[in-house]
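> could you work out the structure for the sequence below:
(chains A and B)
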Amino acid sequence: MAGFTGFASRRNADPALPPGQYLEKGFPVLSTGPDPTITVWELQLATDVGSRSWSWEEFLALPQEDVATDIHCVTSWSKLGTHWRGVSVDTLFEGLATEHRFAMAHCYGGYTTNLPLADLLGGKAWVVHEFEGAPLRSEHGGPARLFVPHLYFWKSAKWLQGLQTMATDRPGFWENYGYHNHGDPWKEERYA
Amino acid sequence: MTGSWRPAVCVAARTETPTARSIRLRVDGLGPVVAGQHIDIRLTADDGYQAVRSYSLSATPVGGPLGVPLADDEVEITVEELPEGEVSPYLVQGLEPQDALEVRGPIGGWFVWRDTDPDPVQLIGGGSGVAPLVAMLRARVAGRSPVPMRLLTSVRTPESLYFGDELRRLAEVPGIGVDVAYSREAPAGEVRPAGRLTAGDIAAFVQEPGAGTVFVCGRTSFVAAVTDLLIARGHDPASIRTERFGGA
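Residues are numbered from 1 along each chain as shown, chains lettered A, B, ... in the order given. Predicted coordinates for the structure are as follows:
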């Protein structure tokens, strides 16, 4: 394709950047409304074979993992080499052998996003409460958010309240508003 | 297909402030457009390097400046030049009519206003964040909707006011209110002293809690401050829709 008048290449493509992404050094904030006020935090997990919940203290007492990875937003920015700390979703699901194949993440404030369980289990997803060694700030989803770094960041739901498994898939908030149902950045699964 | 890139050409560009331009684009195969949506813009350099950024639409095909329709395949964006930016300096200073680029979208179904929506609307914009809100005002004028629509826009100085002449004329349309708050330097004769928006400003210039949807757009810190003030005044968080840009 021919170049456009006057727009000069300023940055070399980084192989760590998925197609169509640019390197961001800040940390942009995207939310649909105000940050929710969370007076009593509790994390819930509900499946067809049972449910459980954790208070903040109980959640912090679960085995913690440190995660160093890149994140990719559908609005085209990526951050490379970010550091997070939290609980693997595998840990939350231990002993709950669900037949369900999908899950809906529910958040304080009403946001939802849907994911296949295959994208949440197997060492691929966490509920994180620290970013770069500090408590996760409210505008980034604190006290705790879902963290699914191999998908676009709208799947890493802020202010996570719980995960509900589902026998059949249905769209969450942005998936109802034109975003792709799955959201793989390497396949550029941005919009429906 | 929202997800596919379409060829587009700049058909006009107009200076809005010393650091911002409104750019009119003709987009091949542009589909339906709703006020409040955004588009992705892709630029390609001579060596094949590409850069993509998102910009809110400041005008839709039915709602151009002062409500006068654009062509069916035209939209406008309003771009503020960011000092460290990669794309915005080119769009504000480099792009000329007849120059080509690519467009994806329009995108978004949440931070939007349709002229069939029956409820009063409050718009609150900081700096260039007023762009999608002006698209909503223009759509209201074009669609002859009777719903009350008020805009509160905050800018640093008189010279950084976006859409100044048009806002003065929009303010004369029955049912539309326009208030400007200056944060650093107010013009001569302005009653409100320069400063950031306060609880008093929200009480004076913003529709009552419960009246309808409040749209807030601007930098992250602006949106956070305004939504805090709105909630403190009693606005239901579910009635507040936000669009933010820039880091925390």
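
> all strands of chain B, in order?
Counting by DSSP state E, the segments of chain B that form strands are B:6-17, B:20-27, B:38-44, B:50-59, B:74-80, B:100-107, B:121-126, B:149-155, B:176-182, B:213-219, B:240-245.

> who's the nearest residue to B:Gly29 once chain neighbours are set aside bridged to?
Residue nearest to B:Gly29 in three dimensions, not counting chain neighbours: B:Arg6, with 5.5 Å by CB to CB, 6 or more residues apart in numbering or on different chains. The C-beta positions use only the backbone N, C-alpha and C, and glycine is treated the same way. Beta-bridge pairing of B:Arg6 under DSSP bridges involves B:Val103.

> related to what we said a few turns ago, which one of the strands of chain B is the most hemmed in?
Mean neighbours per residue, mean count of other CB atoms under 10 Å in any protein chain shown, is largest over these for strand B:121-126, with a mean of 27.

> give me the residues contacting that one.
Residues from elsewhere that reach strand B:121-126, judged by CB atoms under 8 Å, 6 or more residues apart in numbering or on different chains: B:113, B:130-131, B:133-134, B:136-137, B:140, B:147-155, B:206-207, B:211-219, B:222-223, B:226.

> and what of stretch A:128-138?
By CB under 8 Å, 6+ apart, stretch A:128-138 touches A:35, A:59-60, A:67, A:82-86, A:140, A:142-145, A:147, B:248.

> how is chain B carved up into domains?
Residue ranges for the domains of chain B, per automatic domain parsing: B:6-107, B:121-245.

> what mean pLDDT does the shortest one get?
On average, the pLDDT along domain B:6-107 is 94.

> how about the contacts made by the residue nearest the centre of chain B?
Chain B has B:Ala131 as the residue nearest its centroid, 1.4 Å off, counting by CA atoms, centre = their mean. Listed by CB under 8 Å, 6+ apart, the contact set of B:Ala131 reads B:55-58, B:77-78, B:125, B:162, B:217.

> how near is the residue of chain B most remote from its centre to chain A?
When each C-alpha in chain B is compared with the mean C-alpha position (CA atoms, centre = their mean), B:Asp47 comes out farthest, at 32.9 Å. As judged by CB to the nearest CB, to the nearest Å, B:Asp47 and chain A stand 5 Å apart.

> could you double-check that A:Leu92 lies in contact with A:Val127?
Yes: counting by CB atoms under 8 Å, a contact exists between A:Leu92 and A:Val127, whose distance comes to 7.0 Å.

> list the residues that contact both of the two?
Common neighbours of A:Leu92 and A:Val127 (CB under 8 Å, 6+ apart) are A:Leu43.

> doesn't A:Trp154 lie inside a strand?
No: read with DSSP: H, G, I helix; E, B strand; the rest coil, A:Trp154 is helix and lies in no strand.

> I'd say it and A:Gly178 touch.
No: at 11.6 Å, A:Trp154 does not count as touching A:Gly178 under the criterion of CB under 8 Å.

> who has more neighbours, these two?
A:Trp154 (23 against 18; other CB atoms under 10 Å in any protein chain shown).

> which residue, neighbours along the chain excluded, lies closest to residue 55?
I'll assume chain A. A:Glu42 (6.0 Å).

> wrong one, chain B
Using CB to CB, 6+ apart, the closest residue to B:Tyr55 is B:Ile77 (4.1 Å).

> quickly list what A:Thr47 is bridged to.
If you apply DSSP bridges, the partners that A:Thr47 bridges to are A:Gly50.

> for residue 117, grab the count of nearby residues.
In the absence of a named chain, this looks at chain A. 19.

> that's the wrong chain, I wanted chain B
By the measure other CB under 10 Å, the count of residues near B:Asp117 is 15.

> just B:Gln98 next, same as before
Neighbours around B:Gln98, by other CB under 10 Å: 9.

> center of chain A, which residue is that?
A:Ser156 (1.1 Å).

> state the phi and psi torsions of that residue.
The phi/psi pair for A:Ser156 (degrees, to the nearest 10) reads phi -80, psi 70.

> and it, how far from A:Asp70?
Using CB to CB, to the nearest Å, A:Ser156 is found at 12 Å from A:Asp70.

> any shared contact partners between those two?
Shared contacts of A:Ser156 and A:Asp70, counting by CB under 8 Å, 6+ apart, come down to A:Pro149.

> determine the longest strand present in chain A.
Under DSSP E, chain A gives strand A:77-88 as its longest strand.

> just the C-alpha atoms of stretch B:218-236, please, in CSV.
In CSV, the C-alpha atoms belonging to stretch B:218-236 read as follows (Å, rounded to 0.1, in the frame of the first residue of the first chain):
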residue,chain,number,x,y,z
GLY,B,218,-12.7,14.2,29.1
ARG,B,219,-9.4,13.3,30.6
THR,B,220,-9.4,10.6,33.2
SER,B,221,-8.8,13.0,36.1
PHE,B,222,-11.6,15.3,34.9
VAL,B,223,-14.1,12.5,34.5
ALA,B,224,-13.3,11.1,38.0
ALA,B,225,-13.6,14.5,39.6
VAL,B,226,-17.0,15.3,37.9
THR,B,227,-18.5,11.9,38.6
ASP,B,228,-17.5,12.2,42.2
LEU,B,229,-19.3,15.6,42.4
LEU,B,230,-22.4,14.2,40.6
ILE,B,231,-22.7,11.2,43.0
ALA,B,232,-22.2,13.4,46.0
ARG,B,233,-25.1,15.6,44.7
GLY,B,234,-27.3,12.5,44.5
HIS,B,235,-27.1,11.5,40.9
ASP,B,236,-27.6,7.7,40.5
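
> for residue 135, grab the count of nearby residues.
I'll assume chain A. Around A:Pro135 there are 12 residues (other CB under 10 Å).

> actually, chain B is the one I wanted.
Neighbours of B:Ala135 using other CB under 10 Å come to 29.

> nearest spatial neighbour of it, chain-adjacent residues omitted?
B:Ala135's closest residue in space is B:Ala35 (CB to CB, 6+ apart), at 4.2 Å.

> dump the residue contacts of A:Thr32.
Counting by CB under 8 Å, 6+ apart, the residues that A:Thr32 touches are A:111, A:173, B:110-111, B:241-242.
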